[in-house]
Structures are given as C-alpha cells and as structure tokens.
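Visitor: okay, predicted coordinates and the sequence, questions at the end:
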Amino acid sequence: PPRGTLPGPTLYPPVECVKMTTMAKRRIRGNVANMLTYLGTLYRNPGEALKEYISNALDEWQEARSRGEVEGPCRVSYLLEKGSVTIAYNSPGMDEAEFAEAMNRVADSAKPGSAVPQIGQLGIGIFAFNQVGSSCTFYSKKAKRSATTRVTLTSRSDEYEIGTARRRESLDSPGMKIVISGLNHDPTKLRGPIGAERLQRLFSEKFDSYLREGSLEVTVSCAGAVRQVLPSDVSLPAVGERFREVRVPGEGARTVRCQFWFDPSGKGRVSIRHAGVPIVEELRSANAYGLEDSVFSGGSLRGYIDADFLNPLPARNGFEENQDWLLLIQELQRIPSVDNYHRYPVKQGMKQAADEGENIHHGQHDEDVFSHHKPYPLLQNLRPGAVLAVRHQRSQRIAMAAVGVIDRSDNIVKIPRHPFSHRSTGMAPRP
C-alpha cells in the first residue's frame, strides 16, 4: 500500500465445511458351502488330506489317555475299495451334541485351549474329505454304553445330516468309522494318488515319532492285502549330538529338539515338526531366510527339528512367519557347519584316494574303507576322522566320498551333494 496508508484486511479463501460422518460396520457374508469345500482342499494332495484323520485320532486318543479312559496305542485302519475309503480308529468319538457344536464352530476350534499338546489347531480336518471325494459319513461312539451317532457331509453344501445310526450300522466299542465315497481317484491302483503303497510311505514319514514310540499303529488294506505302517529304518550314524536341544530366546522356556544323521547318499532331508508331525518337510524347499542354503539342506544330513512353539498354517503345509519363526532360524544358523571345500579330481585306486584325503587333512586319516555297495553299514564302524573310499558302480572308479564324516559329539559335517564327479570334502572343527 502507499506510504501513510493502513494495510487493508488480509483475504483468505473461503473455508469448506466438511460434514463428519460415522463409519458403519457391516458383516461380511459369502457362500458358506463354497467356503467349507475350500477349507477341505487346502492340503498338498489327497494323501495329505487322508492323513488328517490320523491326526484327529491321535488328538482324541491323547485327550482320552490323559483322563485314563484308554489303554494301549491309538489304532487306525484304512480300507481302500473301488468306490470308497473307510477309516476306523479306537479313539473315543463324539456324541450328537459335540458334533453339532463342532459344526457351529468351524475354524474356531477349542483345541488350542487343551492342556494336552494337539496336532490339529483349527478343527477343519473334518472337511478334509473334500480333496478325496464328494461325500463323507461319520459313525461315532463316545462311550461303551452310548449310542452311535451318524453324520453325513456333502461337498458344496452348507447342510449336514445328523442322527442316531441304525442298529446294523452301530459300532461295538468307542471309536470312529469314516466312509468317504464319490472318490476323485481309484484307491485300488497301487501307485495312484491314494494307493496303498503311497499312503503307507506317507504315513510312515508323517507319523514316524508316534510309530517309533509305539503310541500309534496304522494299517492300510487293499484287495485282501494288509500293509502295516512301520517307522522308517534309520541305520545311519548320528551327528550333532551337542545340538539335541537348542534354547530359543524370547518369552517362556522354549526348547528346540533336534536329531541328525549323516546321509552319504546326498539325498538326506531335514524337516521341521510340530507335535511330532512334519510341517516343513524339506528345508531346502522352504523359504527359510537362508537356511535353505545351509548344511541342513545340502543332502548330507537327515533328521528333524521339533519346534512345538511355532504356529502351523491351517493346512499344516508351513508355519506362520512371525517373530518366533525368525528367532528359530537365527538359532539354527548358529550351529556350526563346514563351508571350506577342497576340490580335487577323481583318483584311480583306493590308496591314491586315501593318500589324497590324508594330504588334504594333514594326517587326520585313521582308516580306509572300501565298498562295492551302499556304504551305510560301514559308517557304523568308522572312527572320527575316518576316510571313506567308495567305488562308483557304473564307472568302477574309486573316489573319496567324505573325510571326517563321523563326529558323534559336537559338529555336523557337510559333504558334496554329488560325490562322484569332482570331489569336495569338508571336516568339522575339533571341539
């Protein structure tokens, strides 16, 4: 403004009045029938869905055993027929009221509140039949004097039938019988997706700990042949004994239990288990923040890592990647392994191979072993620092497979994944 005059009023743009509104809450709705069907198809394959009924049987059996209601092991049988799969087990079943409650609490299982460690977490295993067939009928008897309850579920339906079973359908003793029909695959094909051979191998891998301790017995029957599911036969030398128990930092006393064996085949797998059942079956295929490239994934180790404090995903095909998961990975990475490899060409003759190993490891060589076949039995007798020479069955060339493979107390040894091309060996540091 000119000198001697007062400035005029400052003009501001008009203020726009915004009307404040209250946010409304609305319930999400959907097709319940499709949701239930989807819950039952979260598993990797039909075999994984069928093993869910063993998990349910074990959970019920452990609860009943804690109350003193059952004696002896949990017994589960599978009968494979052209049009149906029948599963029966001796764990106490549910009565009509308990079934109705379970149907009203889908994905809201009471299992996490149980005082007994449970395999299942969300109570969705009852719908696992959706990955195998289109219909499932349960015959359930809770106690010796109780009636048998019959419940029928159907794919793509949000309704179920429930009532008392007819006399000829009634069970003689407490337990459960489950009949899945309208199958997607023929179970009588030996090597089919739900064939007897495949299921026998799957159940052996999944429930190895329960089978080994004698708390679980499983049979698979097809075409008159009965297959007993047995724990896997491990005739390999144990390694990493010092790491049988690993403390994980954080709230509460959390301990990881580990068991490792040296596997000279290069095909060894290390799994992470929850409640004794593998969740991450093979660390090399898991996104474990670098652990998939560690000694646990190189093929020279076989074993498992028990971490019951982790939270499995609903279909138990992985864990929640939360803070507990990260702390576990951090602790496992602290376990020492061997990363300094020495490469050298294949030698012609056992003595040359032994000499090569002796030179590389500065006189650590104790014993020479030669085999035309798989070296598993021989490993039992080797001493720490022993040299193992193996003849390749096709080329008949003698080569060093490993040096210092046996360490029964402190360290895990890492060896090459392909022991018959260029040779690389590793030796764990002495304690």
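Guide: On my side now, so go ahead. Nothing here was measured: the structure is a model prediction, and the numbers come from that model. Numbering: from 1, shown residues only.
Visitor: would you mind listing the buried residues in stretch 300-309?
Guide: Buried residues in stretch 300-309, counted by 16 or more other CB atoms under 10 Å: 300-307, 309. Glycine gets a C-beta too; all of them are placed from N, C-alpha and C.
Visitor: got CSV for those residues, with secondary structure, pLDDT and distance to S173 too?
Guide: Formatted as CSV, the buried residues of stretch 300-309 follow (DSSP: H, G, I helix; E, B strand; the rest coil; pLDDT from 0 to 100; distance: CB to CB, whole Å):
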residue, secondary structure, pLDDT, distance to S173
S300, coil, 82, 48
L301, strand, 85, 44
R302, strand, 89, 39
G303, strand, 91, 38
Y304, strand, 92, 34
I305, strand, 92, 38
D306, strand, 93, 33
A307, coil, 92, 36
F309, coil, 90, 36
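Visitor: V229: which of those is nearest?
Guide: Y304 (17.7 Å; CB to CB).
Visitor: could you check how far the closest one is from V239?
Guide: In this view, Y304 and V239 are 13 Å apart by CB to CB, to the nearest Å.
Visitor: P46 is in contact with Q131, isn't it?
Guide: Yes: look at P46 against Q131 with CB atoms under 8 Å: they come within range, at 5.3 Å.
Visitor: so what sits against both of these two?
Guide: Common contact partners of P46 and Q131 (CB atoms under 8 Å, 6 or more residues apart in numbering): N184.
Visitor: list phi and psi for T37.
Guide: Dihedral pair for T37: phi -70, psi -40, per degrees, to the nearest 10.
Visitor: and it, what does it touch?
Guide: 127, 130, 155-156.
Visitor: same thing but 10 Å
Guide: 31, 127, 130-131, 134, 154-158 (CB atoms under 10 Å, 6 or more residues apart in numbering).
Visitor: likewise R302?
Guide: 232, 234, 236, 239, 259-263, 265, 267-271.
Visitor: and the strands in the stretch 1-150 of the chain?
Guide: 74-80, 84-89, 135-141, 149-154 (DSSP state E, counting those that start in this stretch).
Visitor: and the stretch 201-350 of the chain, by the same measure?
Guide: 216-222, 225-229, 238-239, 245-248, 254-262, 270-274, 277-280, 301-306, 342-344.
Visitor: tilt between the fifth one and strand 301-306?
Guide: Angular relation of strand 254-262 and strand 301-306 on a 0 to 180 degree scale: 170 degrees, by axes from the mean of the first three to the mean of the last three CA atoms, to 10 degrees.
Visitor: what about strand 254-262, average pLDDT?
Guide: Mean per-residue pLDDT for strand 254-262: 88.
Visitor: what's the answer for the third one, then?
Guide: Here the mean pLDDT over strand 238-239 is 80, rounded to a whole number.
Visitor: picking up where we left off before, so what sits against both of Y304 and V239?
Guide: 259-260.
Visitor: tell me, how many neighbours does Q333 end up with?
Guide: Number of residues near Q333 (other CB atoms under 10 Å) recorded here: 15.
Visitor: quick check: it vs P174, distance?
Guide: Q333 is 47 Å from P174, by CB to CB.
Visitor: same check on Y160?
Guide: Distance from Y160 to P174, by CB to CB: 22 Å.
Visitor: neighbour count winner among those two?
Guide: P174 (21 against 16).
Visitor: so that one makes contact with K141?
Guide: Yes: between P174 and K141 there is a contact under CB atoms under 10 Å: 5.1 Å.
Visitor: what do these two both touch?
Guide: 92-93, 148.
Visitor: picking up where we left off before, dump the buried residues of stretch 300-309 into JSON lines; add distance to K82 as well.
Guide: Below are those laid out as JSON lines (distance: CB to CB, whole Å):
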{"residue": "S300", "distance to K82": "44"}
{"residue": "L301", "distance to K82": "42"}
{"residue": "R302", "distance to K82": "37"}
{"residue": "G303", "distance to K82": "39"}
{"residue": "Y304", "distance to K82": "37"}
{"residue": "I305", "distance to K82": "41"}
{"residue": "D306", "distance to K82": "39"}
{"residue": "A307", "distance to K82": "41"}
{"residue": "F309", "distance to K82": "44"}
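Visitor: on that earlier part again, mind putting the strands of the stretch 201-350 of the chain in TSV, distance to G40 included?
Guide: Below are the strands of the stretch 201-350 of the chain laid out as TSV (distance: least, CB to CB, whole Å):
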stretch	distance to G40
strand 216-222	21
strand 225-229	23
strand 238-239	40
strand 245-248	33
strand 254-262	32
strand 270-274	21
strand 277-280	19
strand 301-306	28
strand 342-344	51
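Visitor: dump the C-alpha coordinates for stretch 222-241 into CSV.
Guide: What follows is stretch 222-241, C-alpha atoms only, in CSV (Å, rounded to 0.1, in the frame of the first residue of the first chain):
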residue,chain,number,x,y,z
CYS,A,222,-6.5,-103.1,-0.2
ALA,A,223,-7.6,-106.2,-2.3
GLY,A,224,-7.2,-108.5,0.7
ALA,A,225,-3.6,-107.4,1.4
VAL,A,226,-2.9,-105.7,4.7
ARG,A,227,0.1,-103.3,5.0
GLN,A,228,1.5,-102.4,8.4
VAL,A,229,2.9,-98.9,8.5
LEU,A,230,6.2,-99.0,10.2
PRO,A,231,8.6,-96.3,11.3
SER,A,232,11.4,-95.6,8.8
ASP,A,233,14.6,-97.7,9.3
VAL,A,234,17.5,-95.4,10.1
SER,A,235,20.8,-97.2,10.0
LEU,A,236,22.9,-94.1,9.7
PRO,A,237,25.5,-92.7,12.2
ALA,A,238,24.2,-89.9,14.4
VAL,A,239,25.9,-86.5,14.3
GLY,A,240,25.4,-83.2,16.1
GLU,A,241,24.8,-84.8,19.4
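Visitor: buried stuff in it?
Guide: 222, 227, 229, 231, 236-240.
Visitor: cool, stretch 265-278 as well?
Guide: 268-278.
Visitor: lowest-pLDDT helix or strand in this structure?
Guide: strand 342-344 (a mean of 30; mean pLDDT, DSSP states H and E).
Visitor: where does pLDDT dip in the protein?
Guide: 1-12, 15-20, 109-123, 253, 287-288, 292-293, 336-431 (pLDDT under 70).
Visitor: name the helices or strands packed onto the longest helix anywhere in it?
Guide: Criterion DSSP state H: the longest helix present in the chain is helix 46-66. Under the contact criterion of 3 or more CB pairs under 10 Å, 6 or more residues apart in numbering; DSSP states H and E, helix 46-66 touches strand 74-80, strand 84-89, strand 175-181, helix 196-206, helix 208-213, strand 216-222, strand 277-280.
Visitor: run the last query once more with 6 Å
Guide: strand 74-80, helix 196-206 (3 or more CB pairs under 6 Å, 6 or more residues apart in numbering; DSSP states H and E).
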